[in-house]
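J.: Here is my input, please return the structure:
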Amino acid sequence: MENRATHIVLDALLVNEKPTGVGRSILELTQAMAQLNTHYEFTILTTSPESFAWLESNPQWNVKFCAGATGGTFRKAFFSQFKIPTLCRQLKADILHSLQFVAPLFVPCLSVVTVHDLAWQIFPETVEQPRRGYYQLLVPQSLKRANEIVTNSQATADDVKKYYPQCSKVTVTPFGTPSWAVAEPIAEQRNTEGRPFFLFVGTLEPRKNLERILKAYSRLLEKDPAPQLTQWPSLLLVGSKGWKDSHLRKMMQPLLQSGDLKIEDYCDTPRLKELYLSAQALLFPSLHEGFGFPILEAMALQLPVITSGKGAMAEVAGQYALLVDAENTDQLCSQMAILSQTPELRERLASDGPRRARQWTWEQTALKTFEVYDNISG
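T.: Numbering: from 1, shown residues only. Take a look at the predicted model:
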């Protein structure tokens, strides 16, 4: 009988040249797993092989370019459901780990599925069609057929158990703080020149609660600042253009014209670091998140955070951020005012943040993921 290492195929098709949350988590996880000694062999399926160039010298890892997986939702769905099983068969895979929401319904090997969030089900109005319909059609069966489901937070695991009670095999493999934010001690001084500003980081889409952020900020500008302030901070939105944003664009116009609001597109990590080190606070009161990388990025770089007081965001932030009801505009406005006018509060949150960020590590994520592989293949 052939004696060979267990072969794991990783569906990394959501990694692209400008990775955001899910894509970045895939890169972080694969880097962490590759750095640990393991008895497994891996093949990565990707449309962005250059993103995994650092694996070229690692004999336990192979990267396979999947040209046919690019395009719209239906093209990607076809590749996922029909091409990936064929590739698993050709590669003699023992485990397929689908590092996204949906796995093929029929695979010739064991199946692990990572669930990043269930926003499409909990807040369906915040996810566009046809992606929402694709999830509604395939996620239930995908999870039902999986040998193991892994989630990025306990909050996401609780959501899976609530909406899919038939799925008993759910393991939490908590994500870590993005490695670029904790790669080295902070040497830069915080930039306090010019007008202070609130920072938002994320795709400009409904799930991020931007409408309430804009309303809360507009109400803040209507208030008189404390005597020690000459004016309220400005607002900077950083992120790629999302869907259903025409209404948001109209709301933004008066603030853009007054100079109180600025917008930047997708930023690479050096630019993000510069912004985190220059802002007064991060605003991240999303309606729903599976994890929340910007929270830990900001904390690692000593930036105070205002975020949602429930779900994964509260789990990630703990007591090291100001927590708000994401659907309460007045409360969000109030916390923005308090943080702006209370330097000692900002100093405490900035000081405590790095300690919280160091508690979330990708090594832990990788080790827990290996435990899942061990359990189902052993």
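J.: Output the helix or strand bottoming out on mean pLDDT in the chain as CSV - backbone C-alpha positions only.
T.: One helix or strand of the chain scores below all others by mean pLDDT, DSSP states H and E: helix 73-78, with a mean of 77. Extracted C-alpha coordinates of helix 73-78, given in CSV (Å, rounded to 0.1, in the frame of the first residue of the first chain):
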residue,chain,number,x,y,z
THR,A,73,-20.8,34.7,-9.8
PHE,A,74,-22.2,32.0,-12.2
ARG,A,75,-18.8,31.3,-13.8
LYS,A,76,-17.2,31.0,-10.4
ALA,A,77,-20.1,28.8,-9.2
PHE,A,78,-19.6,26.5,-12.2
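J.: need the next SSE after it, C-terminal direction.
T.: helix 84-90 (DSSP states H and E).
J.: got the buried residues for that next one?
T.: For helix 84-90, the neighbour count (16 or more other C-beta atoms under 10 Å) marks 84-85, 87-88 as buried. Using the backbone N, CA and C atoms, a C-beta is placed for each residue, glycine as well.
J.: so the spatially closest residue to Gln166 that is not a sequence neighbour is in which element?
T.: Computed as C-beta to C-beta, 6 or more residues apart in numbering, the closest residue to Gln166 that is not its neighbour in sequence is Lys144, at 6.3 Å. Using DSSP H and E, Lys144 sits in helix 131-145.
J.: Kindly report the same for Leu236.
T.: Assigned by DSSP H and E, Leu236 falls in strand 234-238.
J.: now do Ala366
T.: Here Ala366, judged by DSSP H and E, is contained in helix 362-377.
J.: Quick check: buried residues in that helix?
T.: In helix 362-377, counting by 16+ other C-beta under 10 Å, buried: 362, 365-366, 369-370, 372-373, 376.
J.: which among those gets closest to Glu274?
T.: If you rank these by distance to Glu274 using C-beta to C-beta, Trp362 comes first, at 23.3 Å.
J.: wait, that closest one sits on Glu28?
T.: Yes: Trp362 lies in contact with Glu28 (C-beta atoms under 8 Å); the separation is 5.0 Å.
J.: Mind listing the shared neighbours of those two?
T.: Contact with both Trp362 and Glu28 is made by residues 175-176, 179, according to C-beta atoms under 8 Å, 6 or more residues apart in numbering.
J.: Name the member of these that has the highest neighbour count.
T.: Taking other C-beta atoms under 10 Å as the neighbour criterion, Phe175 ranks highest of the shared contacts of Trp362 and Glu28 with 26 neighbours.
J.: which residues sit in contact with it?
T.: Residues 25, 28, 152-153, 291, 293, 360, 362, 365 are the ones in contact with Phe175 under the rule C-beta under 8 Å, 6+ apart.
J.: Narrow these to those that are buried.
T.: Buried positions within those, assessed by neighbour count (16+ other C-beta under 10 Å), are 25, 28, 152-153, 291, 293, 360, 362, 365.
J.: Mind checking which of these are in helices?
T.: 25, 28, 293, 362, 365 (DSSP state H).
J.: Pull out the buried positions in the least confident helix or strand of the chain.
T.: Applying a neighbour-count criterion of 16+ other C-beta under 10 Å, the buried positions in helix 73-78 are 76-77.
J.: Contacts for that helix next, please.
T.: Helix 73-78 is touched from outside by 13, 68-70, 102, 130-131, 134, 138, with contacts defined as C-beta under 8 Å, 6+ apart.
J.: With stretch 315-331 instead?
T.: 153-155, 209, 212, 215-216, 219, 285-287, 291-292, 295-296, 299, 304-310, 313-314, 332, 335, 338-339, 349, 352-353, 355-356, 360.
J.: Touching, Ile376 and Leu96? I think so.
T.: No: at 11.3 Å, Ile376 and Leu96 do not qualify as touching, with contact defined as C-beta under 8 Å.
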